[in-house]
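> Pasted the sequence and its predicted model underneath.
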Amino acid sequence: MNKFWFAASAIGIFAGVGGASHGPCEILQGTVAPANIMIQAWPRLTALSGEPAMTLIPNFVLTGFLTIIMGSLVAAWAGKCIENKMGGLTLILLSVVMLLVGGGIVPPFFGIAAGLIGVLFNYREKKQGAVD
């Protein structure tokens, strides 16, 4: 594993853990529907404006569980499968889903960045292999 794969993996794991961290307080908000698509994952955390997130799920408990699951999948995929042929694209897809189920606003973009690094270096290695 070269340093670029390691960087993509580390950034992806950071994104997954950061996204999953939104889930517990979403669960604690109960079985109520969010007022709109933009929510505050941790409303009492005023220093970060309540940790803004977005969700398409009309239930905070379900949103929280899906957030934890998707964040864990993002972290696991980034740690284990980022070097695969479709590893970067899959990480991008998982990060977008994490964004849509309440994984915050910033962590999914780190996951997308890690996926782009994976795609670019997979393409680069493929191209170098064809030349050699």
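Perfect, thanks for sending it. Bear in mind that the values here come from a model prediction, so they are computed numbers and not experimental data.
> From here on, just use CA atoms for contacts and neighbour counts.
Will do.
> got the contact list for Ile68?
Taking Cα atoms under 8 Å, 6 or more residues apart in numbering, we find Ile68 in contact with Gly19, Ala20, Ser21, His22, Gly23, Pro24, Gly103.
> buried sites along the helix or strand bottoming out on mean pLDDT in the chain?
Of the helices and strands making up the chain, the lowest-confidence element is helix 106-131, at a mean of 83, by mean pLDDT, DSSP states H and E. Across helix 106-131, burial judged by 16 or more other Cα atoms under 10 Å covers 107-119, 121-122.
> Return the list of helices and strands in contact with it.
helix 3-20, helix 87-100 (3 or more Cα pairs under 8 Å, 6 or more residues apart in numbering; DSSP states H and E).
> The shortest one versus helix 106-131: what angle between them?
Inter-element angle recorded for helix 87-100 and helix 106-131: 170 degrees (by axes from the mean of the first three to the mean of the last three Cα atoms, to 10 degrees).
> same question, the longest one
Going by the same axes, to 10 degrees, helix 3-20 is angled at 160 degrees with respect to helix 106-131.
> State the next helix or strand along the chain beyond helix 3-20.
The C-terminal neighbour of helix 3-20 among helices and strands, as given by DSSP states H and E, is helix 23-28.
> packing partners for that next one?
Helix 23-28 is packed against helix 60-80, with contacts defined by 3+ Cα pairs under 8 Å, 6+ apart.
> Would you reformat the helices and strands packed on helix 106-131 as CSV and include distance to Met38?
Rendered in CSV, the data for the helices and strands packed on helix 106-131 read as follows (distance: least, Cα to Cα, whole Å):
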stretch, distance to Met38
helix 3-20, 15
helix 87-100, 10
